[in-house]
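[1] mind folding the following:
(3 chains, ligands or ions: 15)
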Amino acid sequence: KIKTSLTEEEIAKLPRVKQKMVPPPFAPAHDHIAEGGPKVVEVTLVIEEMPWTISDEAETIALTFNGSVPGPLIVVHEGDYVELTMVNPETNAMEHNIDFHSSTGALGGGGLTHVLPGETTVLRWKATKPGAFVYHCAPGGSMIPYHVIKGMNGAVVVLPRNGITDGRGKPLTYDKMYFIGEQDFYVPKDNEGNYKKYEDAGEDFDDVMEVARKLIPTHEVFNGKVGALTGEGALKSKVGESVLFVHAQANRDCRPHLIGGHWNYSWEFGSFDDIPGRGHETALVRGGSAGTFLYTFEQPGVYAYVNHNLIEATELGAVAHVIVEGEWNDDLMKQIKKGDSA
Amino acid sequence: KIKTSLTEEEIAKLPRVKQKMVPPPFAPAHDHIAEGGPKVVEVTLVIEEMPWTISDEAETIALTFNGSVPGPLIVVHEGDYVELTMVNPETNAMEHNIDFHSSTGALGGGGLTHVLPGETTVLRWKATKPGAFVYHCAPGGSMIPYHVIKGMNGAVVVLPRNGITDGRGKPLTYDKMYFIGEQDFYVPKDNEGNYKKYEDAGEDFDDVMEVARKLIPTHEVFNGKVGALTGEGALKSKVGESVLFVHAQANRDCRPHLIGGHWNYSWEFGSFDDIPGRGHETALVRGGSAGTFLYTFEQPGVYAYVNHNLIEATELGAVAHVIVEGEWNDDLMKQIKKGDSA
Amino acid sequence: KIKTSLTEEEIAKLPRVKQKMVPPPFAPAHDHIAEGGPKVVEVTLVIEEMPWTISDEAETIALTFNGSVPGPLIVVHEGDYVELTMVNPETNAMEHNIDFHSSTGALGGGGLTHVLPGETTVLRWKATKPGAFVYHCAPGGSMIPYHVIKGMNGAVVVLPRNGITDGRGKPLTYDKMYFIGEQDFYVPKDNEGNYKKYEDAGEDFDDVMEVARKLIPTHEVFNGKVGALTGEGALKSKVGESVLFVHAQANRDCRPHLIGGHWNYSWEFGSFDDIPGRGHETALVRGGSAGTFLYTFEQPGVYAYVNHNLIEATELGAVAHVIVEGEWNDDLMKQIKKGDSA
Ligand SMILES: [Cu+2]
Ligand SMILES: [Cu+2]
Ligand SMILES: [Cu+2]
Ligand SMILES: [Cu+2]
Ligand SMILES: [Cu+2]
Ligand SMILES: [Cu+2]
Ligand SMILES: [Mg+2]
Ligand SMILES: [Mg+2]
Ligand SMILES: [Mg+2]
Ligand SMILES: [Mg+2]
Ligand SMILES: [Mg+2]
Ligand SMILES: [Mg+2]
Ligand SMILES: [Mg+2]
Ligand SMILES: [Mg+2]
Ligand SMILES: [Mg+2]
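    Ligands and ions are numbered 1, 2, ... in the order given. As a prediction, this is how the structure comes out:
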């Protein structure tokens, strides 16, 4: 455990690295096992209030970190210091801040990072617990859920310095990390049942909160849009490859399931201090958390990655695809007779 | 772990056994500890689209495997091969298929088992992970939730070859296995608030999906009907008997609780590779999964087995009874004074 | 494990202690590690049907144990006998009983404790499983959810005789125990959208159950009221202090999260026979259960303790505050630059 407290002088001498942020479902380049001691990892988030297409029928003014829903994944190691620079450009209309579930104190940083349009803030926090954690805007009162359900959330992965294990002494590894952010939207409808459109950020506040208060979303999507992770946006893997999926939902319970696959190792809470579950069919990610799920693909083909409330999957939008290349293994599954009338 | 890949020739030489399917809440006859090596276990599912009474007020055209909701429980051992023959009789109206969460690849077999009315398919898959898993129809798009919420789901138990354990080195056993399938129905209502009736399979598709999209079921039942597992249908046990409950819900989270009892060992995910929880009052079965719960009865009487959202239990239908014979133990509980005004 | 069965004569010779009940969020005075052998712990619950303010807009006739929502926390040790005296005063209008999830048999005592107004009952049960468990009224049929969602529920903590551990051999301890009961209310509205008021206990039964059947509460609160645990009612702690939070929800899933903190040790099911999770951001307490969560505060300030469905938190009422005194630690978090336009 990282219990050692460093002085300002000691922190000032640590190596500094700038994390190059990438949009989800990708993870930033990183080492699985840390090289050397703790670092100060610099990350920058620019808040963008922007028109956003949720589906063919619905659009909104999304509130985003770096223009994606969810915001970018941050990856550091236990003991590292994250130094966040957060910019609220003058072109924005609203006040924002950020709460890191991975940090300690001051409402997760929420109390120290309020920025009005045109303002910039810098916060440093130490990653003391290994796991995947949500971050989100939380400016206060009803604005907390409003900003979160308008897209303003993301995740941090804090890796153990020596990498992840099976919790029983065996080191584990992964070839690839994907970040799936699941988002619930509550889009108001007009009297004809069509989704309403609004011009300005915050204009839909009353209407959205009225829908939200009934707790049933109109959309439940991956990467901010119906179909964002299918077709051109589909994830890729191959037989024999191990993928660590980071699945975050900042507000609402969801249940990641890989159709045709499993979770070899499942950290439902994302905590790498837990003993992971094994061979799970479907996980639960609690509203306001991020989990991690490791799978080594054994068969080629198209996998559907869904929220296994199947209504939420096909009707509300929670479907992604993983396209897996490789050779089929008849030992695992074989079509003995194709459906026919013979 | 069963990692060894067999060739077609080797599989062809394995012993073959036919599993005699029985309707839920019963489990097919099986050995707890496997005798000998891997087998090919033949199972047959016949799809039946049929009129179905959900409650005194509501009926539907159910889509079923073998005429029950849920479909029959399949029990095999890790390393066994399941050879499924699935028949879609010509008298049916719809296309179906099957996705086994316990299998690997091709959408859990869903991509290899499409059958039109009049067709038959045969699929073989290897049971590589020990645990309880859901199976369900998943013909594509909105038809996936539709077929599942019309009853077309069931479960497979893959036992470890050497039987189940407490995850800490102690072998466990059970005297009886019961299969509780929990089903959410979304029955449309007419303008007077009465449940609508439909003549043909699929006729209610638009109406059902409109109700379903709001995510709140009209019914949440065990074994397909309000009261299916009470009265004549009540489960039976006796003091000192250990019962392994397999609880599946293919779509929606639920929370099995035994009123007056506990879960001595709880595998919420059904995975026998997990360390089971101990002494749990209430479990969560994630939508799209099956869990297993072991309890040794200590007192006689009628136990209510419920989904402990108590509104879902008494108002939506998720109540079963377990009638337990034996001798009362005053040490555990004693009525010192019956309620009276003295 | 406490398997030894005592005779009536042996139980009669055990020491008897009377537990002084205190209202939530407080826990009764108790030893963490048991002194001596099993005891008979006498507790008294008086049922009060009483006018209750849920929020500025909503009131109800609550059904309560001892006049609080939830009822008082009971704390005993494994192997102790709880001897409950339950009084239903003549001034009440309804029949009640009690189901202890921590007990064994007779519907958790529900079958042995029915009391009409003017009646008193006495029930003894043995605490055989270590953990936190819900108790609640369960008079039968639709009255079960009705009484529970009108406030009639509480919790019992059964401590291991030697105290709690990390499940890996390390003893744990706590300086303070807080009891957070989360309550879902379903308050009917009139045609203008205002919450309806009723004069007598039970008068709102039909209306409440009609709202409840749709499964979406109008309020989700801690300690029975919006704001009960903020302001004057805020919880208190200090840096370095370890607090064991007992979180119960008798009917509906919820997700306790401490903004700015974590769960160092999380027993989601409350079972002290489980290996606790570590470093969790957000937990799930299943409807019909109580969990326990240990946190040692590291930073001073105001922490918001919420249900991290943030809509349920700010809109439905599930927010508490913990005011923590002590010295700020810059190593954990430091505001490098306050939000400004420089
Ligand atoms: Cu914001
Ligand atoms: Cu949060
Ligand atoms: Cu089908
Ligand atoms: Cu599935
Ligand atoms: Cu009552
Ligand atoms: Cu209960
Ligand atoms: Mg599958
Ligand atoms: Mg997490
Ligand atoms: Mg065909
Ligand atoms: Mg009970
Ligand atoms: Mg399972
Ligand atoms: Mg009486
Ligand atoms: Mg936080
Ligand atoms: Mg509990
Ligand atoms: Mg400012």
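[2] is chain C contacted by the helix or strand where A:Thr44 lies?
    Remark: A:Thr44 resides in strand A:40-53, with elements defined by DSSP states H and E. No: interface with chain C: strand A:40-53 contributes nothing (Cβ under 8 Å from any Cβ of the partner chain), its closest point being 10.6 Å away. Just so you know, the C-beta spots here come from the backbone N, C-alpha and C atoms, and that holds for glycine as well.
[3] so which elements touch that strand?
    Contacts defined by 3 or more Cβ pairs under 8 Å, 6 or more residues apart in numbering or on different chains; DSSP states H and E place strand A:40-53 against strand A:16-18, strand A:59-65, strand A:73-77, strand A:81-88.
[4] which of these sits most buried?
    For the helices and strands packed on strand A:40-53, ranked by mean neighbour count under the definition mean count of other Cβ atoms under 10 Å in any protein chain shown, the leader is strand A:73-77 at a mean of 26.
[5] and the residue of chain A nearest ligand 13?
    A:Gly108 (2.7 Å; Cβ to the ion).
[6] so who does that residue touch?
    Applying Cβ atoms under 8 Å, 6 or more residues apart in numbering or on different chains, one finds that A:Gly108 lies in contact with A:98-102, A:135, A:138, C:259-260.
[7] hmm, which two among those are most spread apart?
    When the contacts of A:Gly108 are compared pair by pair using Cβ to Cβ, the farthest-apart members prove to be A:Ser102 and A:Ala138, with a separation of 14.1 Å.
[8] out of the helices and strands packed on strand A:40-53, flag the one nearest ligand 14.
    With Cβ to the ion as the yardstick, what comes closest out of the helices and strands packed on strand A:40-53 is strand A:73-77 (34.0 Å).
[9] number of residues surrounding the residue of chain A found nearest ligand 8?
    Among all residues of chain A, A:Gly270 sits closest to ligand 8, at 2.8 Å; criterion: Cβ to the ion. Neighbours of A:Gly270 under the rule other Cβ atoms under 10 Å in any protein chain shown: 31.
[10] nearest residue to it other than its sequence neighbours?
    Closest residue in space to A:Gly270, ignoring its immediate chain neighbours: A:Ala132 at 3.2 Å, by Cβ to Cβ, 6 or more residues apart in numbering or on different chains.
[11] separation between that neighbour and ligand 7?
    Applying Cβ to the ion, to the nearest Å, one obtains 24 Å for the distance of A:Ala132 from ligand 7.
[12] now for that residue, how many residues are close by?
    Using other Cβ under 10 Å, A:Ala132 has 31 other residues around it.
[13] tell me, how many residues neighbour the residue of chain A found nearest ligand 11?
    Using Cβ to the ion, the closest approach of chain A to ligand 11 is made by A:Glu281 at 4.7 Å. If you count neighbours by other Cβ under 10 Å, A:Glu281 ends up with 28.
[14] quick revisit: make TSV out of the contacts of A:Gly108 and add distance to chain B and secondary structure.
    Compiled in TSV, those are given as follows (distance: Cβ to the nearest Cβ, whole Å; DSSP: H, G, I helix; E, B strand; the rest coil):
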residue	distance to chain B	secondary structure
A:Ile98	30	coil
A:Asp99	26	strand
A:Phe100	27	strand
A:His101	21	coil
A:Ser102	25	coil
A:Tyr135	25	strand
A:Ala138	26	coil
C:Ile259	24	strand
C:Gly260	27	coil
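[15] turn the residues you listed into a markdown table, columns for neighbour count and pLDDT.
    Supplementary listing: those in a markdown table, determined by neighbours: other Cβ atoms under 10 Å in any protein chain shown; pLDDT from 0 to 100:
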| residue | neighbour count | pLDDT |
| --- | --- | --- |
| A:Ile98 | 29 | 98 |
| A:Asp99 | 25 | 98 |
| A:Phe100 | 27 | 98 |
| A:His101 | 31 | 98 |
| A:Ser102 | 29 | 98 |
| A:Tyr135 | 30 | 99 |
| A:Ala138 | 28 | 98 |
| C:Ile259 | 25 | 98 |
| C:Gly260 | 28 | 97 |
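[16] so which of these also contact ligand 11?
    Residues of the contacts of A:Gly108 in contact with ligand 11 (Cβ under 5 Å from the ion): none.
[17] got a pLDDT number for A:Gly37?
    Confidence per residue is given as pLDDT, and for A:Gly37 that number is 96.
[18] next: A:Asp340.
    With respect to pLDDT, A:Asp340 scores 89.
[19] so the residue of chain A closest to ligand 8 touches A:Val246, yeah?
    Yes: under the criterion of Cβ atoms under 8 Å, A:Gly270 lies in contact with A:Val246, with a separation of 7.4 Å.
[20] anything in contact with each of these two?
    A:132, A:157, A:290-292.
[21] rewinding a little: so who does the residue of chain A closest to ligand 11 touch?
    Applying Cβ under 8 Å, 6+ apart, the residues near A:Glu281 are A:257, A:262-263, B:101-102, B:131, B:133-134, B:269-270, B:288-290.
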